[in-house]
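Chemist: Fold the following.
(one chain, ligands or ions: 1)
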Amino acid sequence: MSDINLFTAARAKKSLGQHFLRDERVVQRIVDLLLPAEGDQIMEIGPGPGALTALLRPLPWSRLLLLEKDDHYAAEHAARPMPGLEVVAGDALTYPWERLEGPWKIAGNLPYNVASPLMWDIVSRTPNLSRAVFMVQKEVGDRLTARPGSREYGALSVWIQSFVRTRKGFVIGPSAFSPPPKVDSAVVVFEPLPPEHRPVHADSLSRLVKLCFQQRRKQLQGILRRSLPDFSPDVLLRLGMDPAQRPETLSVKQFQQLSETLFPEKIMPERSISLDDGQETCT
Ligand code: SAM
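Modeler: Below you'll find the model as predicted:
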């Protein structure tokens, strides 16, 4: 292990997706993409032994919140207090994102086994996300930035791009980490969309995209007819969509329009579909 960490790394825990950054240039590029500015509130997810934290600590933020599931690392960070620094020992998957008040920038070399559900929650539940920079496995990065019609375009692409503009920062190989993961990694930047571009009924959109991408090779009219007893293909025609279209060809905007037309007030009945989008992957 190189010495870019704040403190010595313990033996990596596979169950927590621990692959620690060992190349300071990579860490610096992540910090630069966060565009740190005076007075920022910054959260780091999974600081581990602190390669990223070491570069975040000297910045002129007003608050730095470290969220770490591994008690050992949470305690190590808590033992190095400074004004405005807060350490939360907990699971990011159950974090109450709604309670983050004011603008927040969020960064992290995410544990790859939980990155997708984590980002799903962060973009939709954080009230005032101002920017996010995440390291994820490259395949997930491809899905986050995928455009309609591509093989990578799926539920995660539509959902995330309903809330933020996504952009790939850079791609790096396994040798930047210790221990090295089996796959390449990508750093992705999220820039929130204005509120008027976000889904009106997020729950309905969530369920619609999961439903559609579980059957991505099927026609829209077939998918919707099977799930919604009152469905008529006229709905699709009125929105300028071809009932024979496959879900993977709909734009993010079209998914939002369809969700709002099908479910103008209430969320889609939950029991009609499974919520497993079947797309999660991990190293
Ligand atoms: N930031 C360090 C770095 O870049 O070297 C560590 C990154 S490592 C890929 C992921 C980190 O997330 C680990 O420290 C791990 O303990 C932590 N972690 C794993 N699952 C977590 C969860 N559900 N909530 C919060 N932290 C988690």
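Chemist: The residue of the stretch 1-150 of the chain found nearest the ligand: neighbour count?
Modeler: Shortest the stretch 1-150 of the chain-to-the ligand distance, computed as CB to the nearest ligand atom: residue-wise this is Gly46, at 2.1 Å. Glycine gets a C-beta too; all of them are placed from N, C-alpha and C. With neighbours defined by other CB atoms under 10 Å, the count for Gly46 comes to 24.
Chemist: Asp91 too?
Modeler: If we define neighbours as other CB under 10 Å, then Asp91 has 12 of them.
Chemist: Spit out the contact partners of it.
Modeler: Lys69 (CB atoms under 8 Å, 6 or more residues apart in numbering).
Chemist: Also Pro174?
Modeler: Pro180, Pro181, Lys182, Val183, Asp184, Ser185.
Chemist: Please spell out the PyMOL selection for the buried subset of those.
Modeler: To isolate the buried subset of the contacts of Pro174 in PyMOL, counting by 16 or more other CB atoms under 10 Å, use the following:
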select buried, resi 181+183+185
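Chemist: secondary structure element for Asp121?
Modeler: Assignment of secondary structure by DSSP states H and E places Asp121 within helix 115-125.
Chemist: quick revisit: for the residue of the stretch 1-150 of the chain closest to the ligand, what are its contacts?
Modeler: By CB under 8 Å, 6+ apart, Gly46 lies in contact with Leu16, Gly17, Leu67, Glu68, Lys69, Ala92, Gly108, Asn109, Leu110, Pro111.
Chemist: Intersect those with the contacts of the ligand.
Modeler: Intersecting these with the contacts of the ligand gives Leu16, Gly17, Leu67, Glu68, Lys69, Ala92, Asn109, Pro111 (criterion: CB under 6 Å from any ligand atom).
Chemist: Does the residue nearest to the second one when sequence neighbours are not counted fall in a helix, a strand, or a coil region?
Modeler: In this case it means Gly17. Residue nearest to Gly17 in three dimensions, not counting chain neighbours: Pro111, with 2.9 Å by CB to CB, 6 or more residues apart in numbering. Going by DSSP: H, G, I helix; E, B strand; the rest coil, the secondary structure assigned to Pro111 is coil.
Chemist: need the contact list for Pro111.
Modeler: Taking CB under 8 Å, 6+ apart as the definition of contact, the neighbours of Pro111 are Leu16, Gly17, Gln18, Gly46, Lys69.
Chemist: Pull up the per-residue confidence for it.
Modeler: Per-residue confidence (pLDDT) for Pro111: 96.
Chemist: Equivalent analysis for Asp203, please.
Modeler: With respect to pLDDT, Asp203 has a value of 91.
Chemist: Dihedrals phi and psi, it?
Modeler: Phi and psi for Asp203, reported as degrees, to the nearest 10, are phi -60, psi -40.
Chemist: low-scoring stretches of the protein, by residue?
Modeler: Counting by pLDDT under 70, the chain contains low-confidence residues at 1-2, 266-283.
Chemist: tell me the centre residue of it?
Modeler: Met119 (2.1 Å; CA atoms, centre = their mean).
Chemist: Looks like that residue contacts Met135 (just checking).
Modeler: No - taking CB atoms under 8 Å as the definition, Met119 is not a contact partner of Met135, at 11.5 Å.
Chemist: list residues touching both of these two?
Modeler: In terms of CB under 8 Å, 6+ apart, Met119 and Met135 are both contacted by the residues Leu110.
Chemist: What about the ones next to the ligand among the contacts of Gly46, which one has the most neighbours?
Modeler: Ranked by the number of neighbours (other CB under 10 Å), the ones next to the ligand among the contacts of Gly46 place Asn109 first, at 29 neighbours.
Chemist: Excluding covalently adjacent residues, which one is nearest to that residue?
Modeler: Leaving out its chain neighbours, the residue that sits closest to Asn109 by CB to CB, 6+ apart is Met135, at 4.0 Å.
Chemist: Mind exporting the C-alpha coordinates of the helix or strand where the one you found lies to CSV?
Modeler: Secondary structure assigned from DSSP H and E places Met135 in strand 129-137. These are the backbone C-alpha positions of strand 129-137, laid out as CSV (Å, rounded to 0.1, in the frame of the first residue of the first chain):
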residue,chain,number,x,y,z
LEU,A,129,-27.5,18.1,-4.5
SER,A,130,-25.2,20.6,-6.2
ARG,A,131,-22.7,18.2,-7.7
ALA,A,132,-21.5,14.6,-7.3
VAL,A,133,-18.4,12.8,-8.5
PHE,A,134,-18.4,9.0,-8.1
MET,A,135,-15.9,6.3,-9.0
VAL,A,136,-17.8,3.2,-10.2
GLN,A,137,-17.0,0.1,-12.2
